[in-house]
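Asker: Let's see this in three dimensions:
(3 chains)
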Amino acid sequence: MRIPCPLCGDRDRREFYYMGAAEALTAPPGPEAPPEVIDDQLHLRTNPAGETRDVWYHETGCGAWLIVTRDTVTHAVHGAVLAERRGTTA
Amino acid sequence: MAKLPETSPAAGLLPLTHGGLTLSEGPARRMWMIQPYPGREAGLDAALRDAHGIGFPEPSRSTGQRGGRLIWAGRAQALWIGTADPAPGLAQHAALTDQSDAWAFLKLEGAGAEAALARLTPLDLHPSVFKRGHAARAPLGHMSAILHRRSAALELFVFRSMARTAVHEIGVAMRSLAARAAV
Amino acid sequence: MSGPMRLEKGGLIDRSREIRFQFDDQWMGGVAGDTLASALLANGVRLVGRSFKYHRPRGILTAGSEEPNALVEIGKAARRTPNVRATTQELYEGLYAVSQNRFPSLKWDLLEVNDLFAPFLGAGFYYKTFMWPRAFWERLYEPLIRRAAGLGALSKQTNPDHYEKAFAHCDLLVIGAGPTGLMAALTAARAGADVILADEGDRMGGRLLSETITLDGQPGPDWVAGVLAELQGMDNVRLMPRTTVTGAYDGGTFGAVERVGLHLSAPAADLPLECFWRITARRAILAAGALERPIAFRDNDRPGVMLASAVRSYVNRYAVAPGRKVAVFGTSDDAHRTVADLQAAGVEVVALIDARADATTTLDVPFYAGATVTGTEGRLGLRRITVTRAAGSRVIDADCLAISGGWNPTVHLTCHMNARPVWREDIAAFVPPEGAVPGLTPAGACASRFATTDCLGDGVAAATEALTALGAKVSPPDLPRTDDAAWRGAALWAVPGKGRAWLDFQNDVTVKDVQQAARENMVSVEHMKRYTTQGMAPDQGKNSNVAALAMLADVTGRAIPETGTTTFRPPYTPVAIATMGAGGQGAGFAPQRYMTSHDASVEKGAPMIEAGLWYRPSYFPRAGERTWREACDREVGHVRTAVGVCDVSTLGKIELHGPDAGRFLDLVYTNTFSTLAPGRTRYGLMLREDGHVMDDGTTACLAEGHYLMTTTTAAAGQVMRHLDFVQQVHAPGMAVRFTSVTEQWAQFAIAGPRALEVVNGFLDTPVDDAALPFMGNCAVTLGGIGGRLFRISFSGERGYELAVPARYGAALFRDLVARAEGLGGGAYGMEALNVLRIEKGFLTHAELHGRTTAFDLGLAKMVSAKKVCVGQRAAARPGLTGPDREQLVGLKPAGAVKQILAGAHLFAERAEAVRENDEGYVTSACYSPTLGTTLGLGFLRNGRARHGEVIRMVDHLRGVETLCEVCDPVFFDPEGGRARGETS
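Answerer: The predicted structure is shown next:
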């Protein structure tokens, strides 16, 4: 598997650390949110068959956190953006 | 008190020659990590040009000449390598952190250097792909390294504490290539 | 002469270079260019192995990597390699080969009796017979079966050989160097693409090396040599012979095994035996060819029965007569081609048996059209065959029978990403599924175009298509003219009749087994496979899958597409674990990190122990000390009464810069750092997003907007990843940057009542408590060298950490230790460090193990309510605080037994020590020479409310039980006056 790092180009999967679904990056619940909402934010994932977005860290590379769009059915990797720029590109 | 004696990261380990390849330790240099603050990239670039006549490198590239050069070393950071420290005024635009003792600076020279490193890094180092002035942050074995092509040599920077492992592993690859050539 | 069956002329061998080798301890001769199989055949050896289950005598069936029978052990002692296919093993001087799965000898195998019990050993035998009693399985049945049914044996010694891993990248990977692959590589190479041509053979050319086909009037091997010469001369081409592409993976990545030293008599020590390649290709062409299929008929497994393509390989390439009287049985024109080649080489052909009723021939050979072979004779090798036609049967003397059941395209790699091959009725074969592996194009025989002319054209077309997709301009080379005709044939899977007809030679599966599986309702192909074990041997059904499937379709009255098919997974051929694990043996498993004081510690006799990737001294033994405990107790004493020195450079050090650095620290730490003044240092607690404690450590404010964070040795990488995450995801706009300086600074702890004396001995300007109070920090110089000095303590004593650039670390450590020794102290290691911190109740990752919260650790007050930090809200969830939580406590022995052991569990004094009553566990324990007792730290349910209570510690694993008193986790100097320098 190859991941297209926006800074380093296509790189071997073993350079990356996998964190999980990009849903984890949605805005944290407000201070009034009940514990159930915090729990869901931490642990509840949709696990789609098909296109998914997840978070990877280019650990033995440039140190950038990435949001990778890929397909869980075909294993195709469609692209990756820098997590710090997700507001402007996603 | 008297000045403490110095020990280089690969002291007693290098140089190493097998077949047509030589691995040696680079000269002691001032090394600083330069990390522009968000939104200050242009200011840093201008300040660098003013002070040192070189710009901040694009990702996967290096800039500079003999006196001082910058090798891209990851997201929002480049490694200054020079005979002197970078201008302190750069600190307005970027974090400057002394790394002069943090990296083992190795040079691999000779025909087939790419083949030796292909035993250790998943990076494509073919001269038509990884050209002169190209830089990468990539694994070398299980180590995180900075790789850079400078004229005839491939320059490698690994954590100082891993110098022995790096020399050992590159040495194994060099010996293996020499043994293949002898078959 | 290298054996009685060697032909006088012809072949791609060098008769002038004789090679001596041993098979079953008998010396024989071969020549350069031989495989072990061809050399054995040249020496008239037909019996080479015993079958897996029935121990039937077996001979060489093929001339390639799909060989199911001729598996041997190569080499001696630790260098012994089992299950080597004799058909791919190149011969070298002194090669030592032994046959497998027989006792006491190949000719007299006691377990041949299994063959007599065959009626009882059919499909599902193991499942039915060894079900009951259950306990017998592990103790009796399994060891018995493992002994009886087997292949080669491992040496069980440490592997002394060198293996290698490597990465390669290219524009186009061509898999297979037969006519298709050669033309594809040539097309791409001439277009300037970066090409890798990989072939599993020692010599490239594929079937062209084994056939008498001509190209542009040249013999096949000559044409191949010409193409290879051109490719070799090009910089953009890498030829990789002896390289089997074993798997296709995501993103254009392929696994490949290169045999580097396995064909050499005495490979150099530095030479890897094999190299495991990971090839990343922008495009790939699969030119893997096709595998000839056997035909099932009664007793078709005798030594001497051989695939027709293999017969041609042995005759044409290796110049070996596979028999003195050869019969040929087939369903296609390949049978006729085989007869012609044999006759041209002067080998007697006793019969050509063509199952097609309408077949004709112009060859001068006894010809049987519309006939089949219905039986064979010969215990250790073929002697006679029975040929049956409508008119009747006749027995013919033959010592070799060439069989040809048509061809199966080698579709394996196209199935590696979860696709299944597609049935094509017109050629009765499975073909590659369309687009199954992105970027991989099957071409030539593996794409069911069998004729050489078609292969050549297909190679050019596939390369042109691939290169055009990559944006290259291609001018296709001219196609050579060939004299090869289109393939004509019919399918014949099995000859009906009595007796056992083998489908899977390697796992001893017959037509009857498949029929029986179907009768017992194993009608799904996946069930049939597992019930009969067909296709589950090392050859993974290369010779048998399609025929077995056809049999299943036949017996269940379904068409083949309805019956379905199993698929193929990597690797294409077996890969040695040593090859896949190359570089991972011994110390190669991970980098070794050495502190600058390493050599000095070793010189002092300190045993070095692993701490993550680092090596740290365990203790520093002195003359007269007999145990580690004596050294450890002394070192603890140094620190408590004089001064100790310890290298703490392994702790993670992260330097932060920027106007927002303080705010950023507030976000990642539970407590507040933005208020920390320059020159001050603070202990901080960091949470994960889920509210559990990730790490702790001190952070020093060096100057306005400039901080130095320390992490534990173990969590340094994790903390860096976390900081990157928080900065990039939660705070991308903050003006803060940080980088690791762990490697930049050599840092030494100097602790004890006399620590300041030692430190000041090195500073150009001495410090005192006013200049550097507890939890302070300052810049210092040592003989002009800039350093950093921190007044922090992990021992509870007056403590300093002195940091200098790493180049000075080795020298400074020696000097520090010498100075400390002069004051009645010395260096201390990990054991003493651990005792010192347990006495003080300080935490390590034994306590911060990922399931503990700030509340559990008694640090809830460190979580500031005045600001937001990562994990703060998650830590407040119900269940993560309160009296039900296991809380950090100290433990002291309270009964006759004084032992406290980390890992032991805690129970109420009178409760039974079972899981239901478990109330906690011990995380750290030591003997405290300071307090003269054993101490423990642990977690106990509602522990903070239970100080003074006596509980039971039970270590079920080591059988130790101790009564313990629960107490505060700070055992020594709870007021902390010693660290502040107020008392000593």
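Asker: How far away from the center of its chain is stretch C:940-956?
Answerer: How far stretch C:940-956 lies from its chain's middle: 45 Å, per CA atoms, centre = their mean, to the nearest Å.
Asker: contact partners of it?
Answerer: C:858, C:883-889, C:891, C:894-895, C:900-901, C:903-909, C:911, C:913, C:919-920, C:922, C:936, C:960-968 (CB atoms under 8 Å, 6 or more residues apart in numbering or on different chains). (C-beta placed from N, C-alpha, C; glycine too.)
Asker: again, only this time at 6 Å
Answerer: C:883, C:886-887, C:889, C:894, C:901, C:904-907, C:909, C:913, C:919-920, C:961-967 (CB atoms under 6 Å, 6 or more residues apart in numbering or on different chains).
Asker: Ok, stretch C:343-362 next?
Answerer: C:7, C:315, C:321, C:325-329, C:331, C:335-336, C:339, C:342, C:365-372, C:387, C:396, C:398, C:490, C:492.
Asker: Inside helices: which ones of those?
Answerer: Among the contacts of stretch C:343-362, DSSP state H puts C:335, C:336, C:339, C:342 in helices.
Asker: how much space between the third one and residue C:347?
Answerer: The reference is to residue C:339. Remark: distance between residue C:339 and residue C:347 (CB to CB, to the nearest Å) = 10 Å.
Asker: try the first one
Answerer: For residue C:335, the distance to residue C:347 equals 15 Å [CB to CB].
Asker: Tell me which of those two has more neighbours.
Answerer: residue C:335 (25 against 21; other CB atoms under 10 Å in any protein chain shown).
Asker: isn't that one right up against residue C:405?
Answerer: No: look at residue C:335 against residue C:405 with CB atoms under 6 Å: they stay out of range, at 9.9 Å.
Asker: ok so, going back, pull out the buried members of the contacts of stretch C:343-362.
Answerer: Taking 16 or more other CB atoms under 10 Å in any protein chain shown as the criterion, what is buried in the contacts of stretch C:343-362 is C:7, C:315, C:321, C:325-329, C:331, C:335-336, C:339, C:342, C:365, C:367-368, C:371-372, C:387, C:396, C:398, C:490, C:492.
Asker: Tell me the residues of chain A that contact chain C?
Answerer: Listed as neighbours of chain C in chain A under the rule CB under 6 Å from any CB of the partner chain: A:1, A:2, A:25, A:35, A:38, A:42, A:57, A:63, A:65, A:75, A:83, A:84.
Asker: Let me have those in a markdown table, extended by pLDDT.
Answerer: Compiled in a markdown table, the residues of chain A next to chain C are given as follows (pLDDT from 0 to 100):
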| residue | pLDDT |
| --- | --- |
| A:1 | 90 |
| A:2 | 94 |
| A:25 | 84 |
| A:35 | 88 |
| A:38 | 89 |
| A:42 | 90 |
| A:57 | 98 |
| A:63 | 97 |
| A:65 | 98 |
| A:75 | 90 |
| A:83 | 95 |
| A:84 | 93 |
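Asker: Show the average pLDDT along stretch C:768-781.
Answerer: Averaged across stretch C:768-781, the pLDDT comes to 97.
Asker: got it, and stretch C:714-722?
Answerer: Mean predicted lDDT for stretch C:714-722 stands at 95.
Asker: And for stretch C:686-695?
Answerer: The average pLDDT for stretch C:686-695 rounds to 96.
Asker: Please compute how far that stretch lies from its chain's middle.
Answerer: Worked out by CA atoms, centre = their mean, stretch C:686-695 lies 33 Å from the chain centre.
Asker: Do a quick rundown of the strands in chain A.
Answerer: Using DSSP state E, the strands of chain A run over A:2-5, A:9-12, A:17-21, A:51-57, A:65-71, A:77-82.
Asker: any idea how far the fourth one is from the chain center?
Answerer: The reference is to strand A:51-57. The chain centroid and the centroid of strand A:51-57 are separated by 3 Å under CA atoms, centre = their mean.
Asker: quick one: buried residues of that strand?
Answerer: Buried residues in strand A:51-57 (16+ other CB under 10 Å): A:52, A:53, A:54, A:55, A:56, A:57.
Asker: Those residues of chain A touching chain B, which are they?
Answerer: Counting by CB under 6 Å from any CB, chain A comes close to chain B at A:7, A:12, A:15, A:60, A:61, A:62, A:63, A:64.
Asker: what does chain B put close to chain A?
Answerer: B:59, B:74, B:75, B:122, B:137, B:139, B:144.
Asker: Can you check these and name whichever has the most neighbours?
Answerer: That'd be residue B:137 among these, by other CB under 10 Å, with 29 neighbours.
Asker: so where does that residue fall, helix or strand?
Answerer: Element membership for residue B:137 (DSSP states H and E) is strand B:135-140.
Asker: what residues does the biggest helix by length in chain B touch?
Answerer: The longest helix of chain B (DSSP H) is helix B:163-182. The contact list for helix B:163-182 (CB under 6 Å, 6+ apart) reads B:9-10, B:13, B:16, B:18-19, B:21, B:23, B:104, B:112, B:115-116, B:119-120, B:141, B:158, C:164, C:268, C:270-272, C:591-592.
Asker: circling back to that earlier point, closest to residue C:571 among the ones in helices among the contacts of stretch C:343-362?
Answerer: residue C:335 (32.4 Å; CB to CB).
Asker: Any stretches of chain A with poor pLDDT?
Answerer: Low-confidence segments of chain A (pLDDT under 70): A:27-29, A:87-90.
Asker: tell me, what residue is most central in it?
Answerer: With distances taken as CA atoms, centre = their mean, residue A:55 lies nearest the centre of chain A, 2.0 Å away.
Asker: got a list of what that one touches?
Answerer: Counted by CB under 6 Å, 6+ apart, residue A:55 has contacts A:19, A:22.
Asker: Who does it form a beta bridge with?
Answerer: Beta-bridge pairing of residue A:55 under DSSP bridges involves residue A:20, residue A:67.
Asker: which residues touch residue 64?
Answerer: You didn't pick a chain, so chain A it is. Applying CB under 6 Å, 6+ apart, the residues near residue A:64 are A:7, A:58, A:82, B:75.
Asker: switch to chain B, that's the one I care about
Answerer: Counted by CB under 6 Å, 6+ apart, residue B:64 has contacts B:54, B:70.
Asker: Please report how far it lies from residue C:701.
Answerer: Distance from residue B:64 to residue C:701, counting by CB to CB: 33 Å.
Asker: now do residue C:369
Answerer: According to CB to CB, residue C:369 and residue C:701 sit 97 Å apart.
Asker: from memory residue C:242 sits against residue C:202, does it?
Answerer: Yes: look at residue C:242 against residue C:202 with CB under 6 Å: they come within range, at 5.4 Å.
Asker: More neighbours: which of these two?
Answerer: Between residue C:242 and residue C:202, counting by other CB under 10 Å, residue C:242 is the more crowded of the two (21 against 15).
Asker: So what sits opposite the residue nearest to the more buried one when sequence neighbours are not counted in the bridge?
Answerer: Excluding the flanking residues, the one nearest residue C:242 by CB to CB, 6 or more residues apart in numbering or on different chains is residue C:259, at 4.2 Å. With DSSP bridges applied, residue C:259 shows beta-bridge pairing to residue C:274.
Asker: Residue C:259 - how many residues pack around it?
Answerer: By other CB under 10 Å, neighbour count at residue C:259 equals 21.
Asker: Can you give me the pLDDT of it?
Answerer: pLDDT, residue C:259: 97.
Asker: wait, isn't it in contact with residue C:244?
Answerer: No: using CB under 6 Å, residue C:259 makes no contact with residue C:244, being 8.1 Å away.
Asker: re earlier: list buried members of the contacts of stretch C:940-956 by neighbour count.
Answerer: The neighbour-count test (16+ other CB under 10 Å) marks C:886-887, C:889, C:894, C:901, C:904-907, C:913, C:919-920, C:962, C:964-967 as buried among the contacts of stretch C:940-956.
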